[in-house]
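Enquirer: Using only what follows, build the 3D model:
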Amino acid sequence: MPSGTESDETTDAADGRRPRLTPPIADVRRAVRAVLPADGLVLVALSGGPDSLALAAAAAFEAPRAGLRAGAVIVDHGLQPGSAEVAARAAEQARALGLDPVLVTRVEVTGEGGPESSARRARYAALDEAARSTDAACVLLGHTLDDQAETVLLGLARGSGAASLAGMPARAGRYVRPLLGIRRATTVQACADAGLEPWTDPHNADPSYARVRVRERVLPVLEAELGPGIAEALVRTAEQLREDDDAFEAQIDELIEEICEPAEAGIAISVGALAANPAALRQRIIRHVVGSEFGVSLSRVQTLDVARLVTDWHGQGPLELPDGVRVTRAGRHLVFSTTGSTEVLPHDH
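Expert: The predicted model follows:
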């Protein structure tokens, strides 16, 4: 049932009608209400699609009742004909809902690293800038339970490990995903109930995208063959893995200063400390150090190759890792450095 903060009816700012408050509208509002900050401006990342439009409508309703301001930022990727018109229409809908400020940003998608990855980087850079320029307390993203299930399946197919299978976090810095417990069908219905007309992104039906194939083909087959509730089960798995991942990260944060020392153009890790820890923690430490020190993401194969310098040491030479990173076993340390550096090794204790 809706909480006492909601009336039986709500005004649809787009056309003045007063649609009845329905369970889908109430569900999305409750999800937004639960994540609102104590004060400041809340920005909604709005594409005009049903997920972000339902999110924008809920934020427009809930934020003022919590003494907050709510605005929107629309990113035009320029990847489709008419993208500027789609962005303008989303901005009109945001203003009609009462959101302010409403920012529209055009970005350039270079295609480097693949179109999806490039578009994502450009989008988040634009969202970061919008948040900084408006001093927003948080940015709300419209990812749903279905998006999370698709992310987990894609991570499973890539063999990306627990961090990938943990899916998207509900909160990461200024970014908040209130709808990870809400089905996509609910946001679609919430828009229909509120008299809002979402935009349908043609990319969401393009089977050349792996995520679309998961959505349109893989999940329906799993539901048909294994029974209903597959998406929810995948999301529960992600939640449990995220808890595990958070616990590991906390352990790494405690260990890292004790077992690492500076080395010229890099960092050194105690071999004894790595050997004393379980494989899961040892390999996470290796990935963490290489990622934080050099900005390099190691594959599992590369991580295991480095770990063998600890667990299967028989005098092998340096390993060359991506982006010019080298790891060498030197006495009681693994030394990570940039290729070509003259290493000054730490003293063994």
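Enquirer: Show me the strands in this protein, by range?
Expert: 41-45, 69-76, 102-106, 138-140, 171-172, 175-176, 260-263, 266-270, 319-321, 325-330, 333-338 (DSSP state E).
Enquirer: Which one of these has the poorest average confidence?
Expert: Sorting the strands of the chain by mean pLDDT places strand 260-263 lowest, at a mean of 88.
Enquirer: Now do that strand: distance to the chain's middle.
Expert: Relative to its chain's centre, strand 260-263 lies at 31 Å (CA atoms, centre = their mean, to the nearest Å).
Enquirer: Quick check: which helices or strands does that strand pack against?
Expert: Counting contacts by 3 or more CB pairs under 8 Å, 6 or more residues apart in numbering; DSSP states H and E, strand 260-263 is packed against strand 266-270, strand 333-338. From N, CA and C alone the C-beta is placed, and that goes for glycine too.
Enquirer: Residues contacting the shortest one, please?
Expert: Going back to what we said before, that points to strand 266-270. Residues outside strand 266-270 that contact it (CB atoms under 8 Å, 6 or more residues apart in numbering): 259-262, 285-286, 289, 293-294, 325, 330, 332-338, 341, 343, 345-346.
Enquirer: same thing with stretch 314-327?
Expert: By CB under 8 Å, 6+ apart, the surrounding residues in contact with stretch 314-327 are 266, 290, 294-296, 298, 302, 305-306, 308-309, 328-329, 334-340.
Enquirer: Report how many residues lie close to the residue lying closest to residue 151 once chain neighbours are set aside.
Expert: Nearest residue to residue 151, sequence neighbours excluded (CB to CB, 6 or more residues apart in numbering): residue 167, at 4.8 Å. Residues within reach of residue 167, counting by other CB atoms under 10 Å, total 26.
Enquirer: ok, now how distant is residue 167 from residue 177?
Expert: 10 Å (CB to CB, to the nearest Å).
Enquirer: on that earlier part again, can I get the strands of the chain in TSV with mean neighbour count and distance to residue 230?
Expert: Supplementary listing: the strands of the chain in TSV, determined by neighbours: other CB atoms under 10 Å; distance: least, CB to CB, whole Å:
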stretch	mean neighbour count	distance to residue 230
strand 41-45	24	27
strand 69-76	24	31
strand 102-106	18	36
strand 138-140	24	27
strand 171-172	11	25
strand 175-176	20	26
strand 260-263	17	42
strand 266-270	23	41
strand 319-321	16	37
strand 325-330	19	40
strand 333-338	23	41
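Enquirer: would CSV of those with distance to residue 234 be doable?
Expert: As requested, the strands of the chain are arranged in CSV below (distance: least, CB to CB, whole Å):
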stretch, distance to residue 234
strand 41-45, 24
strand 69-76, 28
strand 102-106, 33
strand 138-140, 23
strand 171-172, 20
strand 175-176, 21
strand 260-263, 36
strand 266-270, 35
strand 319-321, 32
strand 325-330, 34
strand 333-338, 35
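Enquirer: Residue 193 is nearest to which of those strands?
Expert: In terms of CB to CB, the element of the strands of the chain nearest to residue 193 is strand 41-45, at 18.5 Å.
Enquirer: Run me through the strand neighbours of that closest one, direction for each.
Expert: Strand 41-45 sits in its sheet next to strand 69-76 (parallel), strand 138-140 (parallel), going by DSSP bridges.
Enquirer: can you give me the angle it makes with strand 102-106?
Expert: 40 degrees (axes from the mean of the first three to the mean of the last three CA atoms, to 10 degrees).
Enquirer: Need the contact partners of strand 41-45.
Expert: Residues outside strand 41-45 that contact it (CB under 8 Å, 6+ apart): 36, 52, 55-56, 59, 63, 68-73, 75, 94, 99, 123, 127, 130-131, 134-142.
Enquirer: Give me the contacts around stretch 165-184.
Expert: So stretch 165-184 is in contact with 27-28, 31-32, 34-35, 50-51, 54-55, 127, 131, 136-148, 151-152, 155-156, 187, 231, 235, 237-238, 241-242, 244-245, going by CB under 8 Å, 6+ apart.
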